[in-house]
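Participant: How does the following fold in three dimensions:
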Amino acid sequence: MGVDGARTAVAAALAALLAWLGVSCGAGQTRNGGQAVYPPYARLPAVSSPAKYVAAVDSAHAHGLRVWIESDLVSRWKAGTSQFDAAVEQIAALAARPGVVGIKIADELGDRDGLDQADIMRFLHDSRAALHANAPGKLVLIDIIAYQLGCAPAVRKVRSFSAACEAEEAAAHPAVTWSTIDRVVDSGYVDVIDLATNMANPDVYRGWGITRAVAQKAAFAEAHRRGWDTRVRLQTRKALAFPTREVPDAGAAAALVPDFIDVPEESGVRAVDIWTFSQLYDGAHVHLTDPGLKTNPLWSALVKRHRDGDVLFTHYSPTFGYGKSMDADMTAIASAFTDVFCAAGTG
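Facilitator: Next comes the predicted model:
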């Protein structure tokens with residue numbers, strides 16, 4: 001293939017990827033008079049990633065999954081240029097593997113990471129610049145908790161409850177209010193947002209005279225009203241792995257599926273991120289299947305929705321594989337999910 005043919009193939013692939021995104025903006029670019037403008041950043045030296053992380057990415061791709069590299073770049077950014085650059089080098093090496101479509105750079109951005117709104121924008125600016133230079137063409141994804149979305153915004157019958165709730169959440173989480181998310185969405189630094197809607201306990205909503213499903217629908221209606229879904233690919237996320245305090249077993253997790261998968265999908269959300277396939281969390285091993293990759297009510301519900309065409313993500317680290325082999329893990333994941341976040345080994 002000649003140079004022109006290669007350029008055409010790359011352009012076609014990028015166009016297909018943006019069509020899948022379903023957004024009208026450019027891939028993470030800011031705009032100046034209609035021209036794409038990226039901040040400058042140095043091209044870093046190529047490095048080799050540890051074999052187990054490469055193996056996970058390659059196995060996921062071989063099983064037909066779309067692959068996203070997962071990293072906590074916030075901690076590396078706060079640690080200084082050398083730490084940040086080292087993480088970007090390793091991410092870039094993994095992102096160059098076949099099947100990788102994007103990179104997750106932050107988990108619950110602005111929540112417990114010590115960043116204020118100005119820090120968030122600087123972090124996103126620097127990360128976008130570094131990845132544009134070192135992993136060009138890959139989508140940039142963050143997840144963020146929109147605390148005020150849990151307040152059933154614009155539901156008239158609970159207006160007084162909603163107003164008090166929104167004020168309380170803004171005071172408790174000043175770094176991630178409506179205005180922060182508006183700025184993030186408008187910045188062009190992010191292509192995909194996994195949005196957590198901060199739903200309260202169903203008893204809270206019953207006290208207001210509505211259900212949690214109504215509150216969820218109101219949350220996504222507010223996101224749509226604010227135009228978030230027109231400028232980024234808007235997804236949602238929910239922790240369904242068990243056992244945790246909130247999700248003690250597979251039955252409790254399955255009971256959350258209607259409100260946290262079905263309602264978002266019906267509300268036009270593009271995908272649901274389900275944390276996590278297998279991981280050590282608060283000293284306990286949490287997971288989605290039963291031991292030996294055996295099914296349970298939650299896993300059956302996930303497989304059914306996958307077969308019905310839902311776009312579902314999960315997370316994978318080779319350090320916390322759950323089956324007899326990585327191949328067994330990826331076979332199971334591919335039966336319930338379309339996309340997987342593969343750990344980069346960078347925190």
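Participant: what's the first-to-last distance across stretch 197-217?
Facilitator: With CA to CA, to the nearest Å as the measure, the ends of stretch 197-217 fall 10 Å from one another.
Participant: average pLDDT for that stretch?
Facilitator: Mean pLDDT, computed over stretch 197-217, is 97.
Participant: same check, this time on stretch 139-155
Facilitator: 97.
Participant: For that stretch, which residues meet the burial criterion?
Facilitator: Neighbour counts over stretch 139-155 (16 or more other CB atoms under 10 Å) mark 139-153, 155 as buried. Quick note: C-beta positions are derived from backbone N, CA and C, even for glycine.
Participant: Next: stretch 324-333.
Facilitator: Those would be 326, 329-330, 332-333, for stretch 324-333 by 16+ other CB under 10 Å.
Participant: which among the buried residues of stretch 139-155 gets closest to residue 194?
Facilitator: Closest approach to residue 194 among the buried residues of stretch 139-155 (CB to CB): residue 143, at 3.7 Å.
Participant: who touches that closest one in this structure?
Facilitator: Residues in contact with residue 143 (CB atoms under 8 Å, 6 or more residues apart in numbering) are 104, 106-109, 193-196, 237, 273.
Participant: now those in CSV, with neighbour count and secondary structure?
Facilitator: Putting the contacts of residue 143 into CSV (neighbours: other CB atoms under 10 Å; DSSP: H, G, I helix; E, B strand; the rest coil) gives the following:
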residue, neighbour count, secondary structure
104, 26, strand
106, 26, strand
107, 22, coil
108, 17, coil
109, 24, coil
193, 26, strand
194, 26, strand
195, 26, strand
196, 23, strand
237, 23, strand
273, 26, strand
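Participant: what about residue 236, which SS state?
Facilitator: Residue 236 falls in the strand class when you classify it by DSSP: H, G, I helix; E, B strand; the rest coil.
Participant: host element of the residue lying closest to it once chain neighbours are set aside?
Facilitator: Nearest non-adjacent residue to residue 236, counting by CB to CB, 6 or more residues apart in numbering: residue 264, 4.6 Å away. For residue 264, the host element (DSSP states H and E) is helix 263-266.
Participant: Looking at that helix now, give me its mean pLDDT.
Facilitator: The average pLDDT within helix 263-266 is 97.
Participant: Could you do stretch 273-287 as well?
Facilitator: For stretch 273-287, the per-residue pLDDT averages 95.
Participant: can you give me the end-to-end distance of it?
Facilitator: Distance between the two ends of stretch 273-287: 14 Å, counting by CA to CA.
Participant: That one: how far from the chain's middle?
Facilitator: Stretch 273-287 sits 16 Å away from the centroid of its parent chain (CA atoms, centre = their mean, to the nearest Å).
Participant: hmm, back to that, dump the buried residues of stretch 324-333 into a markdown table; add distance to residue 252 and pLDDT as well.
Facilitator: A markdown table is the format used below for these (distance: CB to CB, whole Å; pLDDT from 0 to 100):
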| residue | distance to residue 252 | pLDDT |
| --- | --- | --- |
| 326 | 29 | 97 |
| 329 | 23 | 97 |
| 330 | 26 | 98 |
| 332 | 21 | 98 |
| 333 | 22 | 98 |
